[in-house]
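Novice: Could you work out the structure for the sequence below:
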Amino acid sequence: MRTSTKSNIYEVRSSDCGGETSVRQPEAIRCWSRPSARRGLERIDPAGAAFDPNEADAVAHGDGDGGPVVAEVLRPGYRWKGRVLRPAMVKVRG
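Specialist: Residues are numbered from 1 along each chain as shown. Presented below is the predicted three-dimensional model:
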């Protein structure tokens, strides 16, 4: 990643992603995530799914009926070629 000393630290040159102008952080993240996904990096976003302690850390709990279900994802997790690199941080209800 190349950054200009005069620019914001969240601004990168889009020439790193195939363009000529500078882009802000969200565009840069999308640019870098596409090749990573092809190489095996997956985002773990279990919103609404049954809570799985192998893929998520529950940091908050709310009342609810039935078994534990992910109510809110506070921070997504990542999996590399099927192996969890960082579990998702979630709020669970139930």
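
Novice: Tell me the confidence at A88?
Specialist: Residue-level confidence at A88 comes out at 95, pLDDT.

Novice: now A58, nearest residue through space, not along the chain?
Specialist: Of all residues not flanking A58 in the chain, V92 sits nearest, at 4.5 Å (C-beta to C-beta, 6 or more residues apart in numbering). To be clear about C-beta, it is placed using only N, CA and C from the backbone, and glycine gets the same treatment.

Novice: How much space separates that neighbour from G40?
Specialist: 28 Å (C-beta to C-beta, to the nearest Å).

Novice: what sits against V73?
Specialist: D45, P46, A47, A88, M89, V90 (C-beta atoms under 8 Å, 6 or more residues apart in numbering).

Novice: who does the fifth one bridge with?
Specialist: Going back to what we said before, that points to M89. Beta bridges link M89 to D57, R75, judged by DSSP bridges.

Novice: Give me the number of neighbouring residues for it.
Specialist: 16 (other C-beta atoms under 10 Å).

Novice: Surely it is in contact with D57?
Specialist: Yes - judged on C-beta atoms under 8 Å, M89 makes contact with D57 at a distance of 5.5 Å.

Novice: Now for the protein, the helix or strand with the poorest mean pLDDT.
Specialist: strand 12-13 (a mean of 46; mean pLDDT, DSSP states H and E).

Novice: Good, we can wrap up now.
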